[in-house]
Structures are given as C-alpha cells and as structure tokens.
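Asker: how would this look folded up:
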Amino acid sequence: MKNIIFFLTDQQHFRTLNENGCPEAVTPHMDRLAREGMNFQKHFVANPVCSPSRGAIWSGRMPSVNGLYANGCSLSEEVPTLIDLFNDNGYATGHFGKLHLEPTMTEGIDPNPFGFQTFKLGEGDQWLSHDHYNLWLREQDPNAFFHHYQQMATEGHMKAYADNLPEELSHNAWVTRESINWMNEQAGGDKPFFLSMGYFDPHHAWNPVEPYATDWAYRAVSPPHYDPNDNATKPEHWGAMDDCLKDPFWMTSIIRSYHAMVSHLDACLGRLLDALEASGELENTVVIFSSDHGEFMGNHGRIFKGPYLCDDILQAPLMVWDGAKRNQVKGPVSDLTSTLDFYPTFATLAGIPSIPETEGQLFLDHDLTPFPEGERDFVLSEWRQQHPQEGLTGDILSVRTPNERYVRYANTGEEEYYRHEEDPYELRNLAADPSTSDRRAELSALLDREAPPPGDHPDPVCLW
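Answerer: Okay, here's the model as predicted:
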C-alpha cells in the first residue's frame, strides 16, 4: 500500500505555473511535478469558495448533498470521508494546516480533527488566533504574533504588502516543517501514511514574506484578461470592474504579490520533496498537488472569488507524481476531472480494496493508468444558498464540458454560455445568440438530470 501526500493550496489559479502557461512564474518544483508526473489540464472544483469545495474533496459528494454548501457551515460527522477510509484500512493519518470543514470563527481551541489521528490546525485566516499555528507563533515570539496580526488588520485585503513575519515563522514554513517532522516519524514504520498539507497561500491578504516579496517587487507580469464589453454580456450581478482594476499599478502590485506567495509555496514543496527522498520513502509515495479553487487575478475586472461559475475560479492545478514512476509517466492530460474524483482515486492509488460509492469517477488506477473506467463527459459546479431566495445568486448551477461552459440561474432563468475553442477566457457570453439555443437547451436538460435539486439547509453559523 502506497503512502499518499496531499499538498493543497488555497485559491491558486490554474495558470500560476510555467507548465500551465504562465511565463513569469517561478515554480520549479511545481513544474517538476507537472513534467515528471501527470498534469491534469482540465481539473474543476465543485464550488468556487473554500469550505464547500473542501467538503466535496473529502466526501466525494456535491456540497448540496454533503451539507457543507457554503462558508459558515460544517461538514457533518455523519458524512463518510476519505479520512475515515484511510483510518479503516490501516493507514496512519496526519493533517497540518488549513482544513476549513467548519466555520473558522466558531472553532474552539480544540477544533474538530474530522478523524485525523494526528491533527494540527492552522487555518491561516486573520480572524482565527487560537488554532495550533497561532498558539505556536504566540509562544515562539509574542511580539511577532502581535505585529503580524496588527499589520493584517491595518493593511487589509485590498492591497499588496510585505508581511513582517520572518519566513521561518510564517504559516507556510510551519505547515511544511510540521508535515516533514510527522512524515519522518512514519518513515520505515509498519503502516503506510496519508499526509494532508493545508496551505492558506496564495489566498488574500496579498502579503508574501521576504525574500519573496522583494524578489517579485519589480518583475514584469502578464496583464489580466479583461474586455470592457465582457461583463455587459453577463448577468447583472457581475457588475462593473473592481476599483483596483482602474489603477494599473495597484492591480500589478497585487499580481506580483500573488506570484510571490506562489513562489514561497513552491519552495515549501521543494523542501518536502527533498525530505521525502531523504526519508527513504520516495519510491513508495504518491504526491498529489492541487488547490481548493482559483482566483480572478483581475480577469473579468474582478479579484478574489464568489458567486460566479467560471474557469478562473473553478479551474485549479492538479498534478499526480509517483516517486517510483517519476521518469516513466509524465506530461499533460487534457481530459476532465472533478474534485469529487479525489475520493475514489486516492483510495485506489493507495490500494484500498473496498471503496464506497461516491459521485466521483476514477481518473487514475493503482498503476497510474488514466481513466480506467472511461473519461468524464462533464463536470458539475454549484453555488447554493441555504433557502431558495430571490435574486441572481440564490442558486446557480454550471456544467463544464471539454470545450464549453453553461451556467443557469435558477431564480431568474438567466444563462451564460461560452465556447472555449474560440473564447478560452470566457469573455463573450453567447446566451443571447439564437444559434446557441439548441445546445443550451441540451445542457440545461443535463443539469435537470444530473445536478442535485435545491435544498433547504440550515443557515450558516457565521460568514467564515
């Protein structure tokens, strides 16, 4: 049975790697995984914000099915998870960093470990000062702890700045160090291990630590994909561009800081790969790299994420790298994958013999053969509210095919439709084009058949 390492970032755009089409990226270790392993080019998440996307990862079920349909909700302990499956099949399980399967603002000093045998939480959010990372930081250097959070509160989330924390005290460094220490404790033991590494970067605030902030301070970056006529063809809630897009220097500084945070993550990945080789477990370990969702980065005149179902925030990087086959199986894979697919695929890679049925599909088998049961025809994504509501954002469903995206607003009947071969950045909504009506009707009927119906879920406990 193979060891599994799951390296999960937060809010990382698909095009933040050289191998994924970003010429300015400084991501040698991510690019190594993409070249030496399998680089899935059309990986899409079930929901464009943190908690519901993560609930889908761990349960293999859509957010509106597993109940964690919005930030501010919790994943019920009654929902079977991938963590339970590894525990039941003789694995040592450990998690370090962000998990976000319950509201961060309601977590206590002893948060729910959701089955992980070893569990150290570091959610990364500035409002959570009592998880394992922050308790450690406060003990290590009380002044650094105070000034770090004072700076976050002062600078906010709408501009880029250099974090005043030393790199060795940063959240990224802590997650990496704790993970490596635990991995070394498991190495050579009588159990295979499943290691979950949860990073908060490159999620806003845009605050890279040094030396990454200075390294990126004057680099040239690619401008956002934005057409002034873009949002005018979309439903009304897309609105006008964010203020930062009106100031090129402001937006450029955000993009630079975002890439600096990705470069820091890449360095952490390099430390992990070096430690994995030194541990003696390289040949028996599979590393999976992904993110919970994307980030607008100025595209469509927006930053962050939210109630929009589009490639920028639904597409995420996904690489699978087998230490034993790193020179045998390599290159890009152009077929569709969903975060729902992690559950059966992780379990199969680990050699677990009996896997419960989920909404996911296998994208690799134990021998790293792609799509042993066939390719996906489509990926579903959703934005839900706790009750049917008036307005555009109450209930939004989307289906992504290999070359199209269709979006339907249940409350208003409005639609979006894009053809990616001619419009790869989804800048021209074709829903008003009569020539697309038949195809839109087919995709709408597919949503009726395949998407979960709106539910009447409990209200979120809080916003986060």
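Asker: how about stretch 352-365: buried residues?
Answerer: Using 16 or more other Cβ atoms under 10 Å as the test for burial, stretch 352-365 gives I352, I355, T358, E359, G360, Q361, L362, F363, L364. Every C-beta, even on glycine, is put in place using the N, C-alpha and C of the backbone.
Asker: How about stretch 1-21?
Answerer: 1-20.
Asker: so where is this structure shaky, pLDDT-wise?
Answerer: 105-109, 126-127, 329, 386-393, 455-458, 461-464 (pLDDT under 70).
Asker: could you redo the last one with a cut-off of 80?
Answerer: Counting by pLDDT under 80, the ranges of the chain that qualify are 104-110, 125-129, 327-330, 385-394, 454-464.
Asker: By residue count, which helix of it is the longest?
Answerer: helix 248-279 (DSSP state H).
Asker: CA atoms of the next helix or strand after that helix as PDB?
Answerer: Sequence-wise, the next helix or strand downstream of helix 248-279 (DSSP states H and E) is strand 285-291. Extracted C-alpha coordinates of strand 285-291, given in PDB (Å, rounded to 0.1, in the frame of the first residue of the first chain):
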ATOM      1  CA  THR A 285       4.900   7.500  -2.100                       C
ATOM      2  CA  VAL A 286       2.500   9.400  -4.400                       C
ATOM      3  CA  VAL A 287       2.300  13.200  -4.200                       C
ATOM      4  CA  ILE A 288      -0.900  14.900  -5.200                       C
ATOM      5  CA  PHE A 289      -0.800  18.700  -5.700                       C
ATOM      6  CA  SER A 290      -3.900  20.800  -6.100                       C
ATOM      7  CA  SER A 291      -5.900  23.800  -4.800                       C
END
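Asker: From the contact counts, what lies against strand 285-291?
Answerer: If contacts are counted by 3 or more Cβ pairs under 8 Å, 6 or more residues apart in numbering; DSSP states H and E, strand 285-291 sits against strand 3-9, helix 28-36, helix 248-279, strand 318-322, helix 342-349.
Asker: domains in this structure, as residue ranges please.
Answerer: 3-371, 380-450 (automatic domain parsing).
Asker: Tell me which of the ones you listed sits most buried.
Answerer: Of all the domains of the chain, domain 3-371 has the most neighbours on average by mean count of other Cβ atoms under 10 Å, namely a mean of 20.
Asker: Can you show me the helices along the stretch 101-250 of the chain?
Answerer: Ranges of helices in the stretch 101-250 of the chain, per DSSP state H, counting those that start in this stretch, are 132-140, 142-155, 171-186, 212-215, 248-279.
Asker: Could you check the angle the first one makes with helix 171-186?
Answerer: Read it as helix 132-140. 100 degrees (axes from the mean of the first three to the mean of the last three Cα atoms, to 10 degrees).
Asker: can you list the helices of the stretch 101-250 of the chain in JSON lines and add distance to S398?
Answerer: Below are the helices of the stretch 101-250 of the chain laid out as JSON lines (distance: least, Cβ to Cβ, whole Å):
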{"stretch": "helix 132-140", "distance to S398": "34"}
{"stretch": "helix 142-155", "distance to S398": "33"}
{"stretch": "helix 171-186", "distance to S398": "31"}
{"stretch": "helix 212-215", "distance to S398": "34"}
{"stretch": "helix 248-279", "distance to S398": "25"}
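Asker: And those: which comes nearest L447?
Answerer: Nearest to L447 among those is helix 248-279 (32.6 Å), distances taken as Cβ to Cβ.
Asker: now the angle from that closest one to strand 318-322?
Answerer: 20 degrees.
Asker: Show the secondary-structure elements that helix 248-279 is packed against.
Answerer: Using 3+ Cβ pairs under 8 Å, 6+ apart: helix 248-279 touches strand 3-9, helix 28-36, helix 171-186, helix 212-215, strand 285-291.
Asker: Redo these as JSON lines? Include distance to E373.
Answerer: Formatted as JSON lines, these follow (distance: least, Cβ to Cβ, whole Å):
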{"stretch": "strand 3-9", "distance to E373": "20"}
{"stretch": "helix 28-36", "distance to E373": "24"}
{"stretch": "helix 171-186", "distance to E373": "31"}
{"stretch": "helix 212-215", "distance to E373": "42"}
{"stretch": "strand 285-291", "distance to E373": "19"}
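Asker: Please enumerate the strands of the stretch 351-464 of the chain.
Answerer: Counting by DSSP state E, counting those that start in this stretch, the stretch 351-464 of the chain has strands at residues 379-384, 395-400, 404-409, 415-419.
Asker: Reformat those strands as JSON lines; add distance to K305.
Answerer: JSON lines is the format used below for the strands of the stretch 351-464 of the chain (distance: least, Cβ to Cβ, whole Å):
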{"stretch": "strand 379-384", "distance to K305": "10"}
{"stretch": "strand 395-400", "distance to K305": "13"}
{"stretch": "strand 404-409", "distance to K305": "15"}
{"stretch": "strand 415-419", "distance to K305": "16"}
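Asker: between those strands, which one is nearest to Y149?
Answerer: Using Cβ to Cβ, the nearest of those to Y149 is strand 379-384, at 30.8 Å.
Asker: quick one: strands adjacent to that closest one?
Answerer: If you go by DSSP bridges, strand 379-384 pairs up with strand 395-400 (antiparallel).
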